[in-house]
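A.B. asks: sharing a model prediction with you, sequence too.
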Amino acid sequence: MKQRSRFCRDRQDLTIALCVPLGGAAGLWGPCALAAAQLAVDELNAASGITGRPCRLLTVNAADDARELESALSGLIDDGAIDALVGMHTSAVRHDLLKAVGGHIPFIYTPLYEGGERTPGVFAIGETTRRQLQPAIQWLSMQRHPKRWFFVGNDYVWPHATHRLAHRFVTETGAQVVGDMYVPFGTGDYGEVLDAIRKRRADAILLSLIGQDTIDFNRAFGEAGLASSVVRLSCALGENELLGIGARNTADLYVASGYFASLRTDANLAFKERYRGRYGARAPTLDTFGQSTYEGIHFLAALFDDAQRRDLPREAGLAQLGIAPLSYRSARDAAYAGGRVNRVPIYLARADGHHFEVISPL
């Protein structure tokens, strides 16, 4: 077996494995994620690349079987074929990838997640459940006064961790949780869940479903006549899901997130201009999941450039990366404070037809 890669190998170019879902429940995240990451690579290569070297992407499908995915990445690392990994996928996939990647090459994990990732060389730069949910539940409590919450999510690590925290946040508002259900990916039929929501007289729903599953649930929710009488809150619902749900099914649907395409910040307006300039009118729809890969590529560049400035030898190990604050290009004004702390603004938005109306920072 060849010696495993560390960082900044002495090759002419720098290869980044981009791990995104190209099928399955989260497959609709793929097109924007691929486009946004390539835009970041183009921007870097138009300047000086990463540590003065041109960079390129190697796409890896995060919807593959976990064992096949782990085996494929282990082989790439053993062959010295990749220098880093940028991943935008579920936390379940992240846990699988850590078996192959953890401690060997830098791994930038870009989407929202449950928090707590401390593996050496792994940088989770997305929003965390605590920062999304607590202020969002408080805001809904003050503005909409729900008293009976029902939780529904896919059956994997992020929804379970999210619901444990949300139970406490709901209780702090004086409301109660009247139900907590988990469904496998690709469930399709939500009749049992909708029956439980009616039976328990829920007036607020916390949704921890992803991708196609959140589309299917919200369509069924609207068709069941519940959309106009029960408030919904999600931390993982973007513009692509909103298009799939349909405008008639989005009444009283709220999302807490670090990014919306409709944000009118200088950073996002400039990002959208570059994105549309690169891909034109047929560009993949921008959403929080896709843009996170753009940020992840630029974060990786800042991480490697910092290692070069500090003249870190490869044998110093991944634990020496990311100690100090870093500045990097971000569409959502994120800032890395050092020591695994990435500060991401959080916003609350309400669905308005096929787009999000940003209500307030949280």
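C.D. replies: Alright, I've got the coordinates. Numbers count the residues shown, from 1 in each chain.

A.B. asks: so which residues of the stretch 101-250 of the chain form strands?
C.D. replies: In the stretch 101-250 of the chain, the strands defined using DSSP state E, counting those that start in this stretch lie at 107-109, 122-124, 148-154, 176-183, 204-208, 231-234.

A.B. asks: could I get those strands in JSON lines, plus columns for distance to Q134?
C.D. replies: From N, CA and C alone the C-beta is placed, and that goes for glycine too. Supplementary listing: the strands of the stretch 101-250 of the chain in JSON lines, determined by distance: least, CB to CB, whole Å:
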{"stretch": "strand 107-109", "distance to Q134": "22"}
{"stretch": "strand 122-124", "distance to Q134": "19"}
{"stretch": "strand 148-154", "distance to Q134": "14"}
{"stretch": "strand 176-183", "distance to Q134": "15"}
{"stretch": "strand 204-208", "distance to Q134": "12"}
{"stretch": "strand 231-234", "distance to Q134": "12"}
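
A.B. asks: which residues touch the residue nearest to the spatial centre of the chain?
C.D. replies: By CA atoms, centre = their mean, the chain has its centre lying nearest to P111, at 1.8 Å. Under the criterion of CB atoms under 8 Å, 6 or more residues apart in numbering, the contact list for P111 reads M88, H89, G126, T288, F289, S292.

A.B. asks: what's the answer for L76, then?
C.D. replies: So L76 contacts A17, L58, I82 (CB under 8 Å, 6+ apart).

A.B. asks: which pLDDT value belongs to it?
C.D. replies: Looking at L76, its pLDDT stands at 92.

A.B. asks: ok, and for the one helix or strand it maps to, which residues are buried?
C.D. replies: When elements are defined using DSSP states H and E, L76 is found to belong to helix 66-78. Using 16 or more other CB atoms under 10 Å as the test for burial, helix 66-78 gives L69, E70, A72, L73, S74, L76, I77.

A.B. asks: spatially nearest residue to the residue nearest to the centre of the chain, not counting backbone neighbours?
C.D. replies: Here the nearest residue to P111 in space, its sequence neighbours aside, is G126; by CB to CB, 6 or more residues apart in numbering that works out to 4.8 Å.

A.B. asks: and that neighbour, how many neighbours?
C.D. replies: Residues near G126, counting by other CB atoms under 10 Å, number 24.

A.B. asks: next SSE after the helix holding L76?
C.D. replies: Under the assignment DSSP H and E, the closest C-terminal helix or strand after helix 66-78 is strand 84-87.

A.B. asks: contacts for that following strand?
C.D. replies: For strand 84-87, contacts defined as CB under 8 Å, 6+ apart pick out 7, 14, 16-20, 37, 62, 73, 93-94, 97, 101, 105-110, 293, 296-297, 300, 304.

A.B. asks: pLDDT weak spots in this protein?
C.D. replies: For the chain, the stretches flagged by pLDDT under 70 are 1-11, 64, 313-317.

A.B. asks: how distant is the longest helix seen in it from the center of its chain?
C.D. replies: Secondary structure of the chain read by DSSP state H shows that its longest helix is helix 288-309. The gap between the average C-alpha position of helix 288-309 and the chain average comes to 14 Å, counting by CA atoms, centre = their mean, to the nearest Å.

A.B. asks: so which elements touch that helix?
C.D. replies: Under the contact criterion of 3 or more CB pairs under 8 Å, 6 or more residues apart in numbering; DSSP states H and E, helix 288-309 touches strand 14-20, helix 30-46, strand 84-87, strand 107-109.

A.B. asks: what residues are up against K99?
C.D. replies: Contacts of K99 (CB under 8 Å, 6+ apart): E70.

A.B. asks: ramachandran angles for it?
C.D. replies: Taking degrees, to the nearest 10, you get phi -70, psi -30 for the backbone angles of K99.

A.B. asks: for it, give its distance to L112.
C.D. replies: Using CB to CB, to the nearest Å, one gets 22 Å for the distance from K99 to L112.

A.B. asks: cool, and A40?
C.D. replies: As it turns out, when the distance is counted by CB to CB, A40 lies 19 Å from L112.

A.B. asks: ok, E127 next?
C.D. replies: Note on E127: its distance to L112, by CB to CB, is 4 Å.

A.B. asks: find the residues that touch each one of those two.
C.D. replies: Counting by CB under 8 Å, 6+ apart, the shared contacts of E127 and L112 are C235, S257, G258.

A.B. asks: ok, of those, which one's closest to L312?
C.D. replies: Ranked by distance to L312 (CB to CB), these are led by G258 at 29.5 Å.

A.B. asks: which residues touch the closest one?
C.D. replies: Contacts for G258 (CB under 8 Å, 6+ apart) come out as L112, G126, E127, Q132, T288, R332, A334, V344, P345, I346, Y347.

A.B. asks: now A66
C.D. replies: Going by CB under 8 Å, 6+ apart, A66 touches V93, D96.

A.B. asks: with G121 instead?
C.D. replies: Residues in contact with G121, defined by CB under 8 Å, 6+ apart, are G102, G103, H104, I105, P106, F107, L318, A319, L321.
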